[in-house]
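**Q** Here you go, sequence then predicted model.
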Amino acid sequence: MHDYQRPPTLYRYGVREDLELALTQGQFILTPANSCLTLSLSKAWDRKLFELFSSDSCLVIHNTEEFGERLHRAVQRTLPSWAGIDGAVEYGTRAALGVAFTKTAAEAQEQEWQFAWRAMQAKLSLNPVLVKIGSLENFAELRDRDTYLA
């Protein structure tokens, strides 16, 4: 049995400049992967992930339900003929949610929670899509790698 409840906190590792736009405007870029548009975050606050993602900062999202609902609504407005879902990525085994949520065992340290959207009708090409969900400042914060606390 799989638990699809969002974790209480999500982490987006990245470059401070990009994460400041995410915090203040709710700006995110959905990237093509496995015939879906995806946005991946981590369920882990882990110093190793700063190196893995070549990051100097981390966006810490404390209200993941509010974040997820706003993200799904914004994508629905931008891409009305797309269906979205979010869930934990599974490593080394085929995920119940399909190939978009399946990664190799070697990638397990990422501990991803992924949002994914699939076109309801066939699309010839997938391009990155920018969405804005509004300021996250009332339930998220930016942390530097230097302020990492175990």
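**A** Structure received. Numbers count the residues shown, from 1 in each chain.

**Q** Report the contact partners of the nearest residue to E65 once chain neighbours are set aside.
**A** In space, not counting the residues next to it along the chain, E65 is nearest to R6; the distance is 6.1 Å by C-beta to C-beta, 6 or more residues apart in numbering. For every residue, glycine as well, the C-beta is placed using N, CA and C. Residues near R6 by C-beta atoms under 8 Å, 6 or more residues apart in numbering: T64, E65, G68, D86, W113.

**Q** Out of those residues, flag the one nearest to S40.
**A** The closest of the contacts of R6 to S40 turns out to be W113 (C-beta to C-beta; 7.3 Å).

**Q** any idea how far that closest one lies from T24?
**A** Using C-beta to C-beta, to the nearest Å, W113 is found at 22 Å from T24.

**Q** When the two are compared, which one has more neighbours?
**A** It is W113, of W113 and T24, that has more neighbours when counted by other C-beta atoms under 10 Å, with 23 against 13.

**Q** center of the chain, which residue is that?
**A** With distances taken as C-alpha atoms, centre = their mean, the residue of the chain nearest its centroid is S40 (2.8 Å).

**Q** what kind of secondary structure is it in?
**A** strand (DSSP: H, G, I helix; E, B strand; the rest coil).

**Q** didn't it look like it was pressed against G87?
**A** No - S40 lies out of contact with G87 (C-beta atoms under 8 Å); the separation is 11.3 Å.

**Q** which residues are in contact with both of the two?
**A** W113, Q114.

**Q** Give me the below-cutoff pLDDT ranges for this structure.
**A** 1-4, 123-125, 148-150 (pLDDT under 70).
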